[in-house]
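Structure, please.
(2 chains)
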Amino acid sequence: MPAFTVIDHTEIGTGGAAYWEETGISSSYDHLLIKASIRGEKTGEYVDSGSIRFNGLTSSVYSSTTLKAKTATPDSAREPARNSMDYIFWPAASALADTFGSMTVWIPHYANTANFKQAIISTVSPNNSTTNNEWGTLITAGLFAQTAAISEVKIFSGHGTDLAEYSTITLYGVTGA
Amino acid sequence: MAVIEAISTTYLEADAANVTFPSIPQTYEHLQLRYTLALNATVNSYQRLWLGDGSIDTGTNYSNHYMTGHDSTAAASSDTGGTNGIYLGNAVGEIDRSWAAVTIVDILDYVNTDKNTSVMINTWAGGLNANADYVYFASGLWDSTAAVDTIKIDNRYASNFLRGSEFTLYGLNSS
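The predicted model follows:
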């Protein structure tokens, strides 16, 4: 069996999309990996505020700790008991045209029903600007405080605005021996 | 077809000033570059990534945004329109080869001509003393929608990659 399997690959089409979502994810892998080249359509902003949600749950079961920079002073923050993993960076409408962020999300042992789940999120919001808050780098440890296997993943903008056309999201299943 | 395939590995049998991956297949969705390296410099140097379509773009079409941990200091910075390509972080200037730095670079949608090319970089360089340690997380932007078919890695300052440094370029499929 190959170690990596493509579960889904989506390129956002004309007009954008409110979200990307994969449902019915098999529990047959050991880990999930997402690679996303992504941009949002939030106007008046250079850096979007992205979110990730699992299994369609909107209760306060998500907590995040981030190390991030949007200025010359990096900082960390904790966001406990939220209804999604929030404040993820990718470029918004005011960023340089045709510029997309890069994001990697690892969800180790996503089908383990004994323990809560961690999502390891690395994301960057590039731009051709050095002005504060017009770019961003972010590493997040996200807790999904549920023992249920993850079978659904949704990525969306916390602003409620669309993901831009040409954004791509690839979901991989990673298998151990 | 495997999802992840090794496109090319360069193992340096002798010290070298740079490493180039030419004629990259245009058949993958994403690229990932992984390398370990040591330098023959006695001072820190940072590595640079140059991209190109047919030939390397050595112009001012790059932007960098990064955060770092070095000794006991965390910092962040950025620049745009400079002449040093995309910063890959520091490999520490130490002769001891066991202190090789490690870097992973994601180059997503590298053939998509509707997008500028963005990269995400992680570099780790652990050291035994002050000025010999570095962690780095960054974005790099090549302000070009051209498909990437050539990659070059070199040093900002005049120093060579030491023999034994190793670079592998992977392709990631999406189907």
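
Okay, the residue nearest to A:Ser157 when sequence neighbours are not counted and chain B: tell me how far apart.
Using CB to CB, 6 or more residues apart in numbering or on different chains and skipping residues adjacent in sequence, the residue nearest A:Ser157 is A:Gly40, 4.8 Å away. The C-beta positions use only the backbone N, C-alpha and C, and glycine is treated the same way. Plainly put, A:Gly40 is 14 Å away from chain B if you go by CB to the nearest CB, to the nearest Å.

count of neighbours near A:Gly40?
29 (other CB atoms under 10 Å in any protein chain shown).

Bridged to it, which residues?
Counting by DSSP bridges, A:Gly40 is bridged to A:Leu163.

Tell me who's in contact with it.
A:Asp48, A:Gly50, A:Trp90, A:Pro91, A:Ala92, A:Ala93, A:Ser157, A:His159, A:Thr161, A:Asp162, A:Leu163, A:Ala164 (CB atoms under 8 Å, 6 or more residues apart in numbering or on different chains).

Dump the residues you listed into JSON lines; add secondary structure as well.
Shown next, in JSON lines, are these (DSSP: H, G, I helix; E, B strand; the rest coil):
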{"residue": "A:Asp48", "secondary structure": "strand"}
{"residue": "A:Gly50", "secondary structure": "strand"}
{"residue": "A:Trp90", "secondary structure": "strand"}
{"residue": "A:Pro91", "secondary structure": "strand"}
{"residue": "A:Ala92", "secondary structure": "coil"}
{"residue": "A:Ala93", "secondary structure": "coil"}
{"residue": "A:Ser157", "secondary structure": "strand"}
{"residue": "A:His159", "secondary structure": "coil"}
{"residue": "A:Thr161", "secondary structure": "coil"}
{"residue": "A:Asp162", "secondary structure": "coil"}
{"residue": "A:Leu163", "secondary structure": "strand"}
{"residue": "A:Ala164", "secondary structure": "coil"}
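
Same list, these, but as JSON lines with neighbour count and pLDDT please.
JSON lines is the format used below for these (neighbours: other CB atoms under 10 Å in any protein chain shown; pLDDT from 0 to 100):
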{"residue": "A:Asp48", "neighbour count": "28", "pLDDT": "97"}
{"residue": "A:Gly50", "neighbour count": "29", "pLDDT": "97"}
{"residue": "A:Trp90", "neighbour count": "32", "pLDDT": "98"}
{"residue": "A:Pro91", "neighbour count": "31", "pLDDT": "98"}
{"residue": "A:Ala92", "neighbour count": "26", "pLDDT": "98"}
{"residue": "A:Ala93", "neighbour count": "17", "pLDDT": "98"}
{"residue": "A:Ser157", "neighbour count": "24", "pLDDT": "98"}
{"residue": "A:His159", "neighbour count": "17", "pLDDT": "97"}
{"residue": "A:Thr161", "neighbour count": "19", "pLDDT": "98"}
{"residue": "A:Asp162", "neighbour count": "20", "pLDDT": "98"}
{"residue": "A:Leu163", "neighbour count": "26", "pLDDT": "98"}
{"residue": "A:Ala164", "neighbour count": "23", "pLDDT": "98"}
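
Tell me the bridge partners for the residue nearest the centre of chain A.
Taking CA atoms, centre = their mean as the criterion, A:Ile52 is the residue nearest the geometric centre of chain A, at 5.2 Å. Per DSSP bridges, the residues bridged to A:Ile52 are A:Met85, A:Ile155.

I'd guessed B:Gln32 sits against B:Ile104; true?
Yes - if you go by CB atoms under 8 Å, B:Gln32 and B:Ile104 touch, sitting 6.7 Å apart.

Chain neighbours aside, what residue packs nearest to A:Ala81?
Setting aside the residues directly before and after it, A:Ala81 is nearest to A:Ser60 in space (CB to CB, 6+ apart), at 4.1 Å.

you'd agree the one you found is in a helix?
No - looking at A:Ser60 with three-state DSSP, it is coil, so not inside a helix.

how about the strands in the chain?
Using chain A here. A:4-11, A:19-22, A:31-38, A:47-54, A:62-69, A:75-82, A:85-91, A:101-108, A:117-125, A:136-144, A:153-157, A:168-174 (DSSP state E).

wrong one, chain B
B:4-11, B:18-21, B:30-37, B:45-52, B:62-70, B:73-80, B:86-91, B:101-108, B:117-125, B:134-142, B:150-155, B:166-172.

Quick check: which of those strands is nearest to A:Ala72?
Among those, the nearest to A:Ala72 by CB to CB is strand B:73-80 (5.3 Å).

how close does B:Met120 get to B:Gly140?
Counting by CB to CB, to the nearest Å, the gap from B:Met120 to B:Gly140 is 8 Å.

ugh, wrong one, B:Ala14
28 Å.

These two: who's more crowded?
B:Gly140 (26 against 9).

ok, the closest residue to that one other than its chain neighbours - contacts?
Leaving aside its sequence neighbours, B:Gly140 sits nearest to B:Ile86 (CB to CB, 6+ apart; 3.2 Å). Contacts for B:Ile86 (CB under 8 Å, 6+ apart) come out as B:Arg48, B:Leu49, B:Trp50, B:Leu51, B:Tyr62, B:Asn64, B:Val119, B:Ile121, B:Gly140, B:Leu141, B:Trp142.
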